[in-house]
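Novice: Please find the sequence and the predicted model below.
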Amino acid sequence: MHDVYPAGAMSLVPITSTDRGEYVFLAPLPDRTGQRICAAEHDGSWYEYRMSFSEWLHRYLVGEDMVGPNSAVFHPGPGLLEPLPMSPDDRPAPRYGPERGI
């Protein structure tokens, strides 16, 4: 059996970006026992969150600081989901989430 990551290597998997120029990645924990969320601000600052992406997204949407200090912004919704194409001919349709009522 092979290690997925060579010793000392780290792999970031992009999972989303925001309308404010922030990027969110999934990354393995250094001891390879799980994964973490790495959020990058437009200025290049990185912040780590040890939680599931669904928890991170919920907190981001309700206005918590989830891309570093003073990064909170309230999104009244509904949220817009824009899936990426899975092939050159794929044209996925954007979808909107439910009204949030918050």
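Specialist: Sure, I can see it. Numbering: from 1, shown residues only.
Novice: in the chain, which spans are helices?
Specialist: For the chain, the helices defined by DSSP state H occupy 53-61.
Novice: For it, which residues score under the pLDDT cut-off?
Specialist: The chain contains residues with pLDDT under 70 at 1-10, 100-102.
Novice: Tell me what Arg95 is bridged to.
Specialist: Counting by DSSP bridges, Arg95 forms beta bridges with Leu81.
Novice: An error on my part: the question was meant for Pro28.
Specialist: Note on Pro28: beta-bridge partners by DSSP bridges are Gln35.
Novice: Pick out the residue closest to the middle of the chain.
Specialist: The centroid of the chain falls nearest to Val24 when counting by Cα atoms, centre = their mean (3.4 Å).
Novice: Okay, and the beta partners of that one?
Specialist: Applying DSSP bridges to Val24 gives these bridge partners: Thr16, Ala39.
Novice: thought it was touching Ala39?
Specialist: Yes. Counting by Cβ atoms under 8 Å, Ala39 is a contact partner of Val24 at 5.1 Å. C-beta here means a position set from N, CA and C on the backbone, and glycine is covered the same way.
Novice: where do the contact lists of these two overlap?
Specialist: Common neighbours of Val24 and Ala39, using Cβ atoms under 8 Å, 6 or more residues apart in numbering, are Trp56, Val67.
Novice: where exactly do the strands run in the chain?
Specialist: Along the chain, the segments classed as strands by DSSP state E run 13-17, 23-28, 35-40, 46-49, 80-81, 95-96.
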